[in-house]
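Novice: based on what follows, work out the 3D shape:
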Amino acid sequence: MLLVEMRTGLNDTSVCALEPSGCTALPSNASTRAAHLGEQLLQDFRTHQCVQLWNDDSLGALWACPMDKYIHKRWVLVWLVCLLLVAALFLFLLLKKDRVKAAPRARTALLLHSADGAGYEHLVGALASALSQLPLRVAVDLWSRRELSAHGALAWFHGQRRRTLQEDGVVVLLFSPAAVAQCQQWLQHQTVEPGPHDALASWLSCVLPDFLQGRAAGRYVGVYFDGLLHPDAVPAAFRAAPLFSLPSQLPGFLDVLQGGCAQLPGRPADRAERVAQALQSALDSCTLQSGTADYGEAWDPGPYPAPK
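Specialist: Here you go, the predicted model:
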């Protein structure tokens, strides 16, 4: 920075800094670069840190003052601001990551059923859709027909069951008259004829050992629908798992599905009501098609006791 020293009297001088806009008096309130550094430049001038380039006893002198230290200070401030911004961004990402980890993770529910006709499949689909809104991650063969056709029911079931249990999910066994009949045939070592998309005959070979060896607790839950099946019809081998009638025992069923996961959003009664509403029309249609409406009215499973 070039400074002009002008003599205004016998012993009086004034100093200004040469800039493109003119010579800025020091100190100054102007908004120029030299004005911002006015006090520092004057201090350098008075302590002889500037180099004299020209001198005239009557007019004054021209001085050159180094600016590298001021530029260095500015860059230090810039780097400091950058480091603070990086630290703030890192802290934000760290807090966001912790928040994502702390967020409740949807539990997986694998629904296994038999082929009891279009009405029953519609009922199973209604249950799967309602559970997926809780939220739960629901897997059901009705939504994986292409995979079943490509890989076969046995491979699909093995993969889904392994993934579900590894993720601390739960396998839901849906018992219907056809499912009970096939289970009885399997238990009696009779031949079971699987349908093209029926996973029941495939999953029986893997599920039954877990029940017989006492590994069903916390991993499986049994379900049947109001009016379609009497609870005594469920084979004794599968009663090691909790058994629920839907929609009448929905609160207990949803509690088991929740398991050790974080609390699902909403009040339990509201969740049960939403699922019950989604099931009821499909259940009514299935009951009429099966011709068991009178049996359903005679059997009242009652509320399932809430787990302690």
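
Novice: every contact and neighbour count from this point should use C-alpha atoms.
Specialist: Will do.

Novice: doesn't residue 184 make contact with residue 235?
Specialist: Yes. Residue 235 is within contact range of residue 184, at 7.2 Å (criterion: C-alpha atoms under 8 Å).

Novice: what do the two both touch?
Specialist: With contacts taken as C-alpha atoms under 8 Å, 6 or more residues apart in numbering, not a single residue reaches both residue 235 and residue 184.

Novice: which residues of the chain score low on pLDDT?
Specialist: 9-10, 70-77, 79, 98-105, 190-199, 260-268, 289-308 (pLDDT under 70).

Novice: helices along that one, start to end?
Specialist: 33-36, 38-46, 68-102, 118-131, 145-151, 153-166, 177-187, 200-212, 250-258, 268-290, 293-298 (DSSP state H).

Novice: out of the ones you listed, flag the one nearest residue 21.
Specialist: Minimum separation from residue 21 across those (C-alpha to C-alpha) falls at helix 33-36, 10.7 Å.

Novice: could you list the domains of the chain?
Specialist: If you go by automatic domain parsing, the domain ranges for the chain are 2-66, 70-103, 108-298.

Novice: return the distance of the longest one from the chain's centre.
Specialist: In terms of C-alpha atoms, centre = their mean, to the nearest Å, the centre of domain 108-298 is set 26 Å apart from its chain centre.

Novice: same question for the first one.
Specialist: Mean C-alpha position of domain 2-66 versus that of the full chain (C-alpha atoms, centre = their mean) differs by 64 Å.

Novice: and it, end to end?
Specialist: 9 Å (C-alpha to C-alpha, to the nearest Å).

Novice: ok, and what's touching stretch 29-49?
Specialist: By C-alpha under 8 Å, 6+ apart, stretch 29-49 touches 17, 19, 24-28, 50, 65.

Novice: ok, now with 7 Å
Specialist: Contact partners of stretch 29-49, identified using C-alpha atoms under 7 Å, 6 or more residues apart in numbering, comprise 17, 24, 26-28, 50, 65.

Novice: swap in stretch 56-75?
Specialist: With contact meaning C-alpha under 7 Å, 6+ apart, stretch 56-75 is reached by 1-7, 49-55.

Novice: if we use 8 Å, what do you get?
Specialist: 1-7, 41, 44-45, 49-55.

Novice: how many residues are close by the residue lying closest to residue 269 once chain neighbours are set aside?
Specialist: Spatial nearest neighbour of residue 269, chain neighbours left out: residue 251 (7.1 Å); criterion: C-alpha to C-alpha, 6 or more residues apart in numbering. Look at residue 251: counted by other C-alpha atoms under 10 Å, it has 24 neighbours.

Novice: next one: residue 120
Specialist: Applying other C-alpha under 10 Å, we find 23 residues neighbouring residue 120.

Novice: so it touches residue 286, yeah?
Specialist: Yes. In this structure, residue 120 is within contact of residue 286 by C-alpha under 8 Å, at 5.8 Å.

Novice: so how far is residue 32 from residue 233?
Specialist: Distance of residue 233 to residue 32, computed by C-alpha to C-alpha: 93 Å.
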